[in-house]
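Student: need a structure here:
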Amino acid sequence: MSYFYLIYSISIILIFLYCKKKLFFLNYTGDNHQFFSNYKNIPLLGGIFLIIPILLMNYANIFYFSSIILIFLIGFFSDRKILISPKKRFLFQIALILFSVVFLNLEILSSRIIYFDTLLQINIFNIFFTSFCLLILLNGSNFIDGLNGLLLVYMTFVIIILLKLNLISEATLDKNLLTYLLFFLAILTLLNFCNLLMLGDAGAYILSFFVGYLIISCHKENPNISPYFFILIIWYPCYENLFSIIRKLRSKFSPLNPDNQHLHQLLYTFIRKNFFNNKLTANNASSVLINTINLTVIYISSIEPHSSIYQIRLIIISLLIYTLIFIFLKNKIKFYE
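Tutor: This next block holds a predicted model:
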């Protein structure tokens, strides 16, 4: 297997160089909500590079294999501007997530709230609630994949924390293969920070889906761990999505349409106006700042993963910090305008 990954590593480097030379799979400029990164053509190869390592995590399971392929294709067609409509893309996501939840037996077993846990025992309710959670994670992850390394570093750290706490059983995934995946994520992160490669929708979708699958599996296999610990380690993309939906509805704007009012976009604008005029420097600085806060919170949460009270307090603190920073930045941007 080591030789396979060595050959695969060399292959992705050659594919990357070829696509750069031939201008294949490029992220063309022009989208208003992507103003902070797309000042030159960058290959959208993250999904193509990640699909093989992620498929190998559980390749013997035909439903896992099918789910990864299908979610990759949704993102790939979106990247290639074939699946342009946000509504159609969302409907495809719903169908795929429902398929995965049912056939991969993904279920959230406990919330440690008596009445809600009773509802979770109802199969149809559990299917739709678990699907809703995965959809929020999937699209929230795509939202935050707007700065170099923001999503890649965040998800890589989540996987490392799960490994550190020994929550991933061999029955779920081969830990050696997971180590190889972390290696590829590190390579992609380096290329992403250098503005040489982007995850694209395909990369963001399969990476967030895989992490969601991993977290739900860990939740089922470790009932002694607080469910709020698993919520906390993915709170940022999920809250970004929910906050965005509320914000857009209040502005009478479709939640499915992109805009440039996400936290990382506001922070980028603030940093560029006040500290770094260079786009790449402002982009990377914004990403590092956000992830420093988030990863610190995640690390603190890993100290007491069994305590729901401890985790809930951290969740509340995180939500307050996000909201206060958003309000501060929003007011500052208005002042500049």
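Student: pull out the buried residues from stretch 188-200.
Tutor: 188-189, 191-193, 195, 197-200 (16 or more other Cβ atoms under 10 Å). All C-beta spots, glycine's among them, are computed from the backbone N, C-alpha and C.
Student: among those, which ones are in helices?
Tutor: Those of the buried residues of stretch 188-200 mapping onto helices are 188-189, 191-193, 200, per DSSP state H.
Student: which strand or helix spans L147?
Tutor: Under DSSP states H and E, no helix or strand contains L147.
Student: where's it relative to V153, distance?
Tutor: 10 Å (Cβ to Cβ, to the nearest Å).
Student: which of those two has more residues huddled nearby?
Tutor: In this comparison of L147 against V153, neighbours counted by other Cβ atoms under 10 Å, the higher total goes to L147 at 27 against 23.
Student: tell me the phi and psi of the more buried one?
Tutor: Main-chain torsions, L147, degrees, to the nearest 10: phi -120, psi 150.
Student: my guess is it contacts H264. True?
Tutor: Yes: using Cβ atoms under 8 Å, L147 makes contact with H264 at a distance of 5.1 Å.
Student: identify the contacts common to those two.
Tutor: 286-287, 290 (Cβ atoms under 8 Å, 6 or more residues apart in numbering).
Student: end to end, how far does stretch 292-311 reach?
Tutor: For stretch 292-311, the first-to-last residue distance is 19 Å (Cα to Cα, to the nearest Å).
Student: hmm, who's touching that stretch?
Tutor: 112, 153-154, 157-158, 161, 164-165, 224-229, 231-233, 235-236, 314, 317-318, 321.
Student: can you check stretch 268-276 too?
Tutor: With Cβ under 8 Å, 6+ apart, stretch 268-276 has contacts from 36, 147, 279, 282-283, 285-286, 289, 329, 332-333, 336.
Student: mind putting the residues you listed in TSV, distance to I309 and secondary structure included?
Tutor: Formatted as TSV, the contacts of stretch 268-276 follow (distance: Cβ to Cβ, whole Å; DSSP: H, G, I helix; E, B strand; the rest coil):
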residue	distance to I309	secondary structure
F36	38	coil
L147	33	coil
K279	43	helix
A282	39	helix
N283	38	helix
A285	35	helix
S286	33	helix
L289	29	helix
L329	31	helix
K332	35	helix
I333	37	helix
Y336	41	helix
